[in-house]
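Asker: could you work out the structure for the sequence below:
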Amino acid sequence: QVQLVESGGGLVQAGDSLRLSCAASGRTFSRYAMGWFRQAPGKEREFVAAIRGSGSITYYSDSVKGRFTISRDNAKNTVYLQMNSLKPEDTAVYYCAADVTNAGGSYYQQYGMKYWGKGTLVTVSS
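Answerer: Numbering: from 1, shown residues only. This next block holds a predicted model:
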């Protein structure tokens, strides 16, 4: 089992950048695919990005592709989400997630991941 703790959320203006971090417990971090999801008020949770255990393959939703970058540092048991050119519609609680299944973005979009953090709020003002 893995425990996840997100950090880095906050209030920013449209066009700004923000980097989220997610620290994971455990000694087998590199075995897990890691992902970011978000949930805006009144909306369903949606997939944002995922990265394979090795870090060599990444997936993004169309809504963030070209603006967000997911990365990981397996030596630090940490995954990041660099968010650039933020828009008000990016406002949401962002959740870090982990899964032993290394699959594609469409799989995680449909089924989610097994382990979840508690989330960090990102608010983008216009």
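
Asker: please identify which helix or strand holds the closest residue to residue 119 other than its chain neighbours.
Answerer: Nearest residue to residue 119, sequence neighbours excluded (CB to CB, 6 or more residues apart in numbering): residue 93, at 4.2 Å. To be clear about C-beta, it is placed using only N, CA and C from the backbone, and glycine gets the same treatment. Residue 93 belongs to strand 92-99 when elements are defined using DSSP states H and E.

Asker: so which elements touch the next helix or strand after that strand?
Answerer: Moving toward the C-terminus from strand 92-99, the next helix or strand (DSSP H and E) is helix 105-111. For helix 105-111, the packing partners by 3 or more CB pairs under 8 Å, 6 or more residues apart in numbering; DSSP states H and E come out as strand 46-51, strand 58-60.

Asker: could the ones you listed go into TSV alongside distance to residue 105, mean pLDDT and mean neighbour count?
Answerer: Shown next, in TSV, are the helices and strands packed on helix 105-111 (distance: least, CB to CB, whole Å; pLDDT from 0 to 100; neighbours: other CB atoms under 10 Å):
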stretch	distance to residue 105	mean pLDDT	mean neighbour count
strand 46-51	6	96	24
strand 58-60	3	96	18
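
Asker: closest one to residue 29 among the ones you listed?
Answerer: Nearest to residue 29 among those is strand 46-51; the distance by CB to CB comes to 11.7 Å.

Asker: quickly run through the sheet partners of the closest one, with directions.
Answerer: strand 33-39 (antiparallel), strand 58-60 (antiparallel) (DSSP bridges).

Asker: now the angle from it to strand 92-99?
Answerer: Angle of strand 46-51 versus strand 92-99, following axes from the mean of the first three to the mean of the last three CA atoms, to 10 degrees, is 50 degrees.

Asker: how far off centre is strand 46-51?
Answerer: With CA atoms, centre = their mean, to the nearest Å as the basis, strand 46-51 stands 6 Å off its chain's centre.

Asker: ok so, going back, out of the strands paired with strand 46-51, which is the most enclosed?
Answerer: Mean neighbours per residue, mean count of other CB atoms under 10 Å, is largest over the strands paired with strand 46-51 for strand 33-39, with a mean of 24.

Asker: thanks again, I'm all set now.
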